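> build me a model from this:
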Amino acid sequence: MWNVECGMKVIKKFTKRPISKNMMPIFFLLGCLITFTISLLAYSSTYAVVTYGSTNTPPSLISAEGYYASITLPKSVNYTLSGSDMGQLVRTDANVSISTNSVTGYKMYVSIENAGLRTNAPVHEIPYDNQTNAPVQKSDLNTNAWGIFLKKNDLDYVIPLCDFNTLSNSCLVSESNGPITNNKVAVDYGVKVDSNTPPGTYRAYLVYSAVVNSSVTGEFPIKEVQNAKVPLLANGDTVTNSAEKKLKHKFRIQVPLIENDQDTYHRVNYIKRYKVTVGGVDCEPQTDDAESSRDGFTFNCIADFSTASPRFQPGQKAEMVVETKPYGYLYSKQNAVEFVAAESTFHYTGTPQEMVAPIQGKYFIEAMGANGGDRTAAQAARYWYGSPETFLSGKGGYSAGYKDFTEGEKTMVFVGGKGQAGNDRTTVGYNAKGGFNGGGNGSTGLLVKGTTLNDWGAGGGGGGSDIRPDVQDYGQHKNMRYSPGFNPSDALLNAGPWANIEHGTYQAVIKTTNLPDADFEGLLAYYDYGYYYLSDVYYQKFGDYILVYFNYPVGSPPATHLPGVNPGPGVEIRLRVKTTNQVADITSIKFYRLEQRIMVAGGGAGGSLCFRGGHGGGTVGGQSKYLGSTSDPNYSSLFSGTGGTQTTGGGSGFGASAPIPANVYPKIANAVLGRPGAGGGWAGGFTGQGAYDEHQTCAGAGGGSGYIGGVQNGTTYGYGETGFSIAPWTSLEPADKNGIVKMRVTDYPGGVE
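Sure thing, here's the model as predicted:
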């Protein structure tokens, strides 16, 4: 809307179209608010004259598309009434004309702030003649009334009054179908009074609104929609913020409008002129931060999508429609709003998983580590000192907190896998594999004397679950095979890359192709072109992925043997592959620094015949639980595995694995059982590392620790930890006992209470 001191005003309007069509209105309205005055100097004995002030043609505002409308009209109209005019109609030409260069022409409406002609003080009023909602054909007025005459088909009509927010065709006073210059508007003003009308200066504020289409295409689009992505839960409900308040969604919309903020403009509540819907849901216009320019009118609206019936679902899109209430004309934009998933759930896959933030905001993250290995039916039936908890593994730990993400920011999610169950007694033994993402391996028991079968084994530890930033992929920068060609006589698959990484503890994630487990025979991990081996190396293979944990400690000798001018350090991991495999290859190598993980939930440890596995943490992983009697003569020699902490553990990121016993008959009196693997986490838990003899016939393992240093308002604890609820283990823990990670949008720029 464009206002000047005489009352000029610009508003918007569009052509009415069915909602089902693609409605994209671009209009701007130019109007003028005029003041006309009736001066009554006495009840009688005066004569009537009509005088006009100087003509006002305000400068045209030109839309961003180059179109304008300009209205010319008198600044004021003055009446002086004589006694001879009492009871007679005094009628004057409004003297309004319009010019526009719009290729589709214009429509002009007249509206009013107050219905009557009024004096200031004391207040006297002359009422308007037509109190209906439609023009009335008449060429005269009732006594003590005033009116606006419109000539149509050579007939006079007194039109009804429209207010600023309810314009209709009843108030349409002029129109054209193309450009026009100085087109005269057929409008007169009239007043009819008698001697009972008090003298004074009477005024009424009128607004002439010229509506033009500023698009050469005839389309009427909404120009811009900010906060166009709306996060929804899986059931279509809106999100709850960190203060436990359900949120509505605020959009910021720009429609093509020219507006110049002048005093008279503030008499109009412009927001009331709009009705906004998104997919049929009302979006209530707001008065905050509304602004205008030649590019358009920008304002906010708030929608509550929890009221949608049926509810929208993530992945859907919706049309936005902006209707000008005064005219009932529409702007629209197809697929203007996208509903995105506010929550992502990551289940165990045995692979790294990628999470891309769909919207900028604060996310609530929950993670649970995996359990240690399950127990078999035979193990569940075996009691130790009457305890039914034999071979039970520890549960994964729980961590939660808030983290800010930008839209499109990529985060890697590693969901821990549960450990493998240990072997039953008098079966062919095997070393129970630790779960994905750091679970330690459990071991078999020693051979049963006189047989080729083994004593009870113990379960593998569960992997921790964590969230971490993504890192550079070294596998994208060079051919992983030897050059030239692959050397079939060499068991090492790859040469390079020499990763330039800082000192610290790492997990390298290597993605392979055509490398079955049977063809993988281990690896070498070193730096400086093979001159120095890395420490604390532990690796796991799950399908195509090989996870390699290692330490590159501060104080390591500088690189001096790297080829070319490579300054180092030159960390390298080379895979041992059977020479019969000529097709194995590496497609990706990423080096994740474990200190940079955002949040970790510790994995639970595996269980053994005499120890229940320790639960995952918490800042400290759980200790294993001894199931027997402390009066047992071997109790003092049993190893009770403790959990990882924030600074120490069986390994950085991975749980300690039980050592593999020699497959020979022991020359001892007692049976020697297998040992469980510890849980992975921020730091993995411990398990027994001593010799397999009568001094350590049985052992337990501890859970991995959790970590919340990379989130806000974080919490981390283990199952059954004093002072904490076990609710996450009833609502979040998967039935298969693997880990899980959930992320949910809480606070975001468009979300309002």
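
> when you work out contacts or count neighbours from here on, use the C-alpha atoms and nothing else.
Fine.

> can you tell me the helix or strand for residue 183?
strand 180-184 (DSSP states H and E).

> chain center to that strand: distance?
52 Å (C-alpha atoms, centre = their mean, to the nearest Å).

> partner strands of it, parallel or antiparallel?
Under the criterion DSSP bridges, strand 180-184 sits next to strand 97-100 (antiparallel) in its sheet.

> so for the strand it pairs with, mean pLDDT?
The pLDDT scores in strand 97-100 average 90.

> hmm, who's touching it?
Outside strand 97-100, the residues that touch it by C-alpha atoms under 8 Å, 6 or more residues apart in numbering are 67-73, 106, 179-185.

> wait, doesn't residue 179 sit right on residue 107?
No - using C-alpha atoms under 8 Å, residue 179 makes no contact with residue 107, being 11.6 Å away.

> between these two, who's got more neighbours?
Using other C-alpha atoms under 10 Å, the more surrounded residue of residue 179 and residue 107 is residue 107, with 20 against 15.

> can you tell me the closest non-neighbouring residue to the more buried one?
residue 175 (4.3 Å; C-alpha to C-alpha, 6 or more residues apart in numbering).

> work out for me the element the one you found sits within.
Taking DSSP H and E as the definition, residue 175 sits inside strand 172-176.

> how about that strand as CSV, C-alpha atoms only?
Only the C-alpha atoms of strand 172-176 are listed here, as CSV (Å, rounded to 0.1, in the frame of the first residue of the first chain):
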residue,chain,number,x,y,z
LEU,A,172,-15.6,-1.2,-8.0
VAL,A,173,-15.7,2.2,-9.6
SER,A,174,-13.5,1.9,-12.7
GLU,A,175,-11.6,-0.7,-14.7
SER,A,176,-9.8,-1.4,-18.0
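
> can you list the strands that that strand pairs with?
Partners of strand 172-176 in its sheet, by DSSP bridges: strand 106-112 (antiparallel).

> re the thing from before, roughly how far out does the strand holding residue 175 sit from the chain middle?
Strand 172-176 sits 47 Å away from the centroid of its parent chain (C-alpha atoms, centre = their mean).

> for that strand, list every residue counted as buried.
Applying a neighbour-count criterion of 16 or more other C-alpha atoms under 10 Å, the buried positions in strand 172-176 are 172-176.

> just to revisit the earlier point, contacts for the strand holding residue 183 next, please.
Strand 180-184 has contacts (C-alpha under 8 Å, 6+ apart) with 72, 95-101, 105.

> so how far is residue 439 from residue 653?
Remark: distance between residue 653 and residue 439 (C-alpha to C-alpha, to the nearest Å) = 9 Å.

> for those two, list the residues in contact with both.
Shared contacts of residue 653 and residue 439 (C-alpha under 8 Å, 6+ apart): 464, 680, 684.

> from residue 435, how far out is the second one?
Going from residue 680 to residue 435 by C-alpha to C-alpha gives 8 Å.

> sorry, back to before: out of the shared contacts of residue 653 and residue 439, who's the most crowded?
Among those, the one with the most neighbours (other C-alpha under 10 Å) is residue 680, at 51 neighbours.

> contacts only, for that one.
Contacts for residue 680 (C-alpha under 8 Å, 6+ apart) come out as 437-440, 461-464, 602-604, 653-655, 703-705.

> quick check: residue 593 touching residue 472?
No - applying C-alpha under 8 Å as the test, residue 593 and residue 472 come out as separate, 11.3 Å apart.

> secondary structure element holding the residue nearest the centre of the chain?
Nearest to the geometric centre of the chain sits residue 359, at 2.7 Å (C-alpha atoms, centre = their mean). Using DSSP H and E, residue 359 is not contained in any helix or strand.

> if I look at the closest residue to it other than its chain neighbours, how far off is residue 294?
Nearest non-adjacent residue to residue 359, counting by C-alpha to C-alpha, 6+ apart: residue 407, 4.4 Å away. From residue 407 across to residue 294, the span is 30 Å (C-alpha to C-alpha).

> before we move on, what about residue 500?
For residue 500, the distance to residue 294 equals 54 Å [C-alpha to C-alpha].

> over to residue 416?
Taking C-alpha to C-alpha, one finds residue 416 at 56 Å from residue 294.

> which one's more surrounded, those two?
Set side by side, residue 416 and residue 294 show more neighbours around residue 416, with 38 against 17, by other C-alpha under 10 Å.

> need the contact list for that one.
By C-alpha under 8 Å, 6+ apart, the contact list for residue 416 reads 348, 350, 369-370, 435-438, 462-466, 603, 738-740.

> hang on, the earlier thing: a markdown table please, covering the contacts of strand 180-184 and showing distance to residue 578 and neighbour count.
Shown next, in a markdown table, are the contacts of strand 180-184 (distance: C-alpha to C-alpha, whole Å; neighbours: other C-alpha atoms under 10 Å):
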| residue | distance to residue 578 | neighbour count |
| --- | --- | --- |
| 72 | 92 | 19 |
| 95 | 98 | 17 |
| 96 | 94 | 20 |
| 97 | 92 | 18 |
| 98 | 89 | 23 |
| 99 | 87 | 20 |
| 100 | 83 | 25 |
| 101 | 81 | 19 |
| 105 | 81 | 20 |
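
> ignoring the adjacent residues along the chain, who's closest to residue 279?
Nearest non-adjacent residue to residue 279, counting by C-alpha to C-alpha, 6+ apart: residue 318, 5.0 Å away.

> I'd assumed residue 332 was in contact with the one you found.
No - at 10.7 Å, residue 318 does not count as touching residue 332 under the criterion of C-alpha under 8 Å.
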